[in-house]
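Trainee: dropping the sequence and predicted coords here.
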Amino acid sequence: MPATNSTLVLGAVAYDAKVVPIWDGFQRWFASQGLDFDYVLYTNYERQVEQHFAGAFHVAWNSPLAWLQARRTAERTGRIAKAIAMRDTDCDLTSLIVVRADSPVRSLAELRGRTIGCGAGDSPQATLIPLEHCARAGLVAERDFAVRRFDVLVGKHGDHVGGERDAALALLSGEVDAACMLDGNHLLFANEGIFTRGATRVLARTEPFDHCNFTVLDGAPEELVQRFERLLLSMRYDDPRVRALMDLEGLKRWCPGRTSGYALLESACERFRVLEPFLARMSVA
Amino acid sequence: MSAARNVPRDGAERVLDLGRCGLDQGGHVLLARALAGCAPGERLVVLGDAPELSIHLAAWARAAGHGVESADSRARCAGRLVAGSAHLARFADAERAGATDARDGVHEQAPAHWGLAARGARVEVGSPAFDFALAEKRTLWADDVGALYAQALAAQWDPATAIPWDAPRPHAAEVEDALVQVLTYLIENETAALIVPARFAARIHPHYREVQQLLAIQAADEARHVEVFTRRATLARRELGLSTAGGQASLKTLVDEPDFAAASLLLSVLGEGSFVNLLWFLHEHAPDECTRTIMKLTAQDEARHVAFGVAHLAREAREEPTLVARLAAAIERRHDVLRHTAGLNAEVFDALIVLAAGGFEPERIAAGHAAVFELTRQMHAGRRNRLRLVGFDAEHAERLAGLHTRNFM
């Protein structure tokens, strides 16, 4: 059913069961602030972007790749896509290429002829951006080195940490020579005991990049979207009604949206022609 | 490269040296400690030698809501944190859940949102409300509850070492049969006495933890009693005695009683009070040393249970004048329900006579019968006296003591 103009409808991808309590909780909070809010869940970002353009909801909670899919589709159809808000934790992430501490590999160039373990094929942080980083250093995937993908939950754009964890385990077992992961996940795996102290060495670190954002398309009910944006940015971590939800969603505050942090991913998408199948599906290739 | 986002404002600068401690080795504890003293916007320069410290520092700071700036030129600098405000937010409005020590006073009404928090803890706002049905001091508390709990702890005993299980049993087989029948009766009564406090302990707000603890140890006492009665009964017999419909009907009214005050009165003040008399009677007439010791130890435990029941009901009755009438109604209600049941089964009554007689000569049986009659008189007097302590006048105490179940418990 197409979204109406009295209820702000959000689209989100169900990458984990916690997505339901998060948005149910935010729904209650928005209601307490006088905003009628509802959400619809998708199993993958491609369907979500497609349905966004079909008018099924107003605001999409998009992965960085979904943002690029939406923006490129908009550009080719004369529409406008805008990022209105994001989490503080979506800003300035970096990805790492990690080797075992005893690895003879001391530089990216020395990965030539070896195997790199990545996350899901559509994961910006664990596949696309690290491979772009390698390419910029003159190493082309599948030509200069083999890529072993740990495709956990494709379509969810790497939101699920499972692919990165599998790559990390493969690194330790010697199945791959290097593994790609988010900086925070390197710390997470260390604290989980997967990486014992001194077991790994960071071979390379990418430039910073941004992650998810709330995307709106032109034609969305302006006043409704503005109220949503205003309320979102007014959420405070010291408000006990939303603190647990913010903890679940992994943020301390919402920030205004910015699009300056997607250049690295965009460049990866160009190089690896990542967006083309989706644009073809949308008949805008 | 994107611009740093989490930089609230300029401020002062502090320095923290993590040494070789990484954030994968608990270094976050040192960071949190240092940041606890930082106002939002204040800078904290982090030095250290751990591998990947600057990477982990950035990731940790982002997740914790702090800004991070690149390392400066000084040696060993991993980065410069800009304190955010989230670390101060969680407990900014936290509420103290009363005074830790009950001697400093407990609340008249314990708020549901204090939940399971330790008394005296700081409770984060937004904690879930727990549905503890018993959350009023007036309905639970006894002024000496802490002392009673301490006594209960000090008086715990181990069945394996406290009881002479191998003591000689010189009595006749029929006396042993009588003892097994009485023990069978005691086991089912003590099971009821375990279930009732355990059920209420789970409904009491943890703010009144001494009451909860006392009821828990009371339930543990009963569990031990069930064990020792069973063990004694099976020393010489493979099978236990009779459990009667009338006895269970009486106990069911106890187990089903939903009101804490009424249950305390019926179980502790009247039932366990009567049992103290019964257990001392069995101590006096025990056919062997093992049984004698069991009866003494269990009687001492039961006396504590009675003391708490009397103390908290007497306190509540002083504060709530209508309580006495409500309790009287509970006694009468139970009496009406049990009016047409047999009460104490004849086998138990007769077994008590045999135990008191210690043999089957007519004059000994007569003496045993007289002793049991005297026991029931003492039980009645005890119930009347305890009802007086709770707050009943003499006339009501006398009448209500007589309405107590003939099953004793």
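Mentor: Received the coordinates, thanks.

Trainee: isn't residue B:404 up against residue B:270?
Mentor: Yes - between residue B:404 and residue B:270 there is a contact under Cβ atoms under 8 Å: 5.0 Å. Backbone N, C-alpha and C define where each C-beta goes, glycine included.

Trainee: shared neighbours, these two?
Mentor: Common contact partners of residue B:404 and residue B:270 (Cβ atoms under 8 Å, 6 or more residues apart in numbering or on different chains): B:331, B:383.

Trainee: residue B:244 reaches residue B:349, doesn't it?
Mentor: No - contact criterion Cβ under 8 Å: residue B:244 and residue B:349 do not qualify, at 11.2 Å.

Trainee: who has more neighbours, these two?
Mentor: With neighbours defined as other Cβ atoms under 10 Å in any protein chain shown, residue B:244 and residue B:349 compare such that residue B:244 has more, 21 against 17.

Trainee: pLDDT value on the more buried one, please?
Mentor: Looking at residue B:244, its pLDDT reads 90.

Trainee: from residue A:36, how far out is residue A:152?
Mentor: 36 Å (Cβ to Cβ, to the nearest Å).

Trainee: neighbour-wise, which of the two wins?
Mentor: residue A:152 (19 against 14).

Trainee: do you know how far that one is from chain B?
Mentor: 21 Å (Cβ to the nearest Cβ, to the nearest Å).

Trainee: likewise residue A:136?
Mentor: Residue A:136 sits at a distance of 14 Å from chain B (criterion: Cβ to the nearest Cβ).

Trainee: spatially central residue in chain A, please.
Mentor: residue A:63 (3.8 Å; Cα atoms, centre = their mean).

Trainee: residue contacts, that residue?
Mentor: So residue A:63 contacts A:13, A:45, A:124, A:156-159, A:211-212 (Cβ under 8 Å, 6+ apart).

Trainee: quick one: neighbours of the spatially closest residue to it that is not a sequence neighbour, just the number.
Mentor: The shortest distance from residue A:63 to any residue other than its chain neighbours is 3.8 Å, reached at residue A:157 (Cβ to Cβ, 6 or more residues apart in numbering or on different chains). For residue A:157, the neighbour count with other Cβ under 10 Å is 30.

Trainee: could you do the one 4 residues further on as well?
Mentor: Here the neighbour count serves as a burial measure; for residue A:161 (other Cβ under 10 Å) it reads 21.

Trainee: so it makes contact with residue A:185?
Mentor: Yes - using Cβ under 8 Å, residue A:161 makes contact with residue A:185 at a distance of 6.2 Å.

Trainee: where does residue A:79 land in three-state SS?
Mentor: What DSSP: H, G, I helix; E, B strand; the rest coil gives for residue A:79 is coil.

Trainee: distance of it relative to chain B?
Mentor: With Cβ to the nearest Cβ as the criterion, residue A:79 and chain B are 26 Å apart.

Trainee: one more: residue A:102?
Mentor: Separation of residue A:102 from chain B (Cβ to the nearest Cβ): 14 Å.

Trainee: can you pull out the low-pLDDT segments for the chain?
Mentor: You didn't say which chain, so I picked chain A. A:1-4, A:153 (pLDDT under 70).

Trainee: if you could check chain B rather than the one you did, that'd help
Mentor: For chain B, the stretches with pLDDT under 70 are B:1-12, B:342-344.

Trainee: that older thread, among the contacts of residue A:63, which are in strands?
Mentor: Judged by DSSP state E, the subset of the contacts of residue A:63 located in strands is residue A:13.

Trainee: buried members of the contacts of residue A:63 into PyMOL, please.
Mentor: In PyMOL syntax, the buried subset of these is picked out as below (16 or more other Cβ atoms under 10 Å in any protein chain shown):
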select buried, chain A and resi 13+45+124+156+157+158+159+211+212
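
Trainee: quick one: which of the contacts of residue A:63 is nearest to residue B:82?
Mentor: The closest of these to residue B:82 turns out to be residue A:211 (Cβ to Cβ; 20.3 Å).

Trainee: hmm, residue A:86 and the closest one touching each other?
Mentor: Yes - if you go by Cβ under 8 Å, residue A:211 and residue A:86 touch, sitting 7.4 Å apart.

Trainee: can you list the residues of the stretch 101-250 of chain A near chain B?
Mentor: For the stretch 101-250 of chain A, the residues in contact with chain B (Cβ under 8 Å from any Cβ of the partner chain) are A:182-184, A:186-187, A:190-191, A:195, A:197-198, A:201-202, A:205, A:207-210, A:236-238, A:240-241, A:243-244, A:250.

Trainee: elements contacting the helix ranked longest in chain B?
Mentor: Ranked by number of residues, the top helix in chain B under DSSP state H is helix B:289-319. Contacts defined by 3 or more Cβ pairs under 8 Å, 6 or more residues apart in numbering or on different chains; DSSP states H and E place helix B:289-319 against helix B:137-140, helix B:145-154, helix B:173-201, helix B:209-233, helix B:260-264, helix B:273-285, helix B:323-338, helix B:362-390.

Trainee: these: which one's closest to residue B:254?
Mentor: Smallest distance to residue B:254 across the helices and strands packed on helix B:289-319 (Cβ to Cβ): 5.4 Å, for helix B:173-201.

Trainee: off-centre distance for the closest one?
Mentor: How far helix B:173-201 lies from its chain's middle: 20 Å, per Cα atoms, centre = their mean, to the nearest Å.

Trainee: please flag which of the contacts of residue A:63 sit within helices.
Mentor: Per DSSP H, these map to helices at residue A:45.

Trainee: mind saving the C-alpha coords of the helix or strand hosting residue A:171 as PDB?
Mentor: Here residue A:171, judged by DSSP states H and E, is contained in helix A:162-173. Included here for helix A:162-173 are C-alpha records, laid out as PDB according to Å, rounded to 0.1, in the frame of the first residue of the first chain:
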ATOM      1  CA  GLY A 162      29.100 -12.700  10.500                       C
ATOM      2  CA  GLY A 163      31.100 -12.400   7.200                       C
ATOM      3  CA  GLU A 164      33.800 -10.400   8.900                       C
ATOM      4  CA  ARG A 165      34.000 -12.900  11.700                       C
ATOM      5  CA  ASP A 166      34.300 -15.800   9.300                       C
ATOM      6  CA  ALA A 167      37.100 -14.000   7.400                       C
ATOM      7  CA  ALA A 168      38.900 -13.400  10.700                       C
ATOM      8  CA  LEU A 169      38.600 -17.000  11.700                       C
ATOM      9  CA  ALA A 170      39.900 -18.000   8.200                       C
ATOM     10  CA  LEU A 171      42.800 -15.700   8.700                       C
ATOM     11  CA  LEU A 172      43.700 -17.400  12.000                       C
ATOM     12  CA  SER A 173      43.300 -20.900  10.500                       C
END
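
Trainee: which phi and psi does the nearest residue to residue A:14 once chain neighbours are set aside have?
Mentor: Among residues not flanking residue A:14 along the chain, residue A:41 sits closest, at 4.4 Å (Cβ to Cβ, 6+ apart). With angles defined as degrees, to the nearest 10, residue A:41 sits at phi -100, psi 140.

Trainee: hang on, the earlier thing: just the ones in strands from the residues of the stretch 101-250 of chain A next to chain B, please.
Mentor: Per DSSP E, the subset of those in strands is A:182, A:201-202, A:205.

Trainee: what residues of stretch B:285-296 count as buried?
Mentor: By neighbour count with 16+ other Cβ under 10 Å, stretch B:285-296 contains the buried residues B:285-288, B:290-296.

Trainee: residues near residue A:219, how many?
Mentor: Residue A:219 - counted by other Cβ under 10 Å - has 10 other residues nearby.

Trainee: residues contacting it?
Mentor: A:55, A:79.

Trainee: for chain A, see how far away residue B:162 is.
Mentor: Note on residue B:162: its distance to chain A, by Cβ to the nearest Cβ, is 46 Å.

Trainee: can you give the domain ranges for the chain?
Mentor: Looking at chain A here, since you left the chain open. Here the domain parsing of chain A from automatic domain parsing is A:8-90+A:211-281, A:95-205.

Trainee: that's the wrong chain, I meant chain B
Mentor: Residue ranges for the domains of chain B, per automatic domain parsing: B:13-89, B:137-402.
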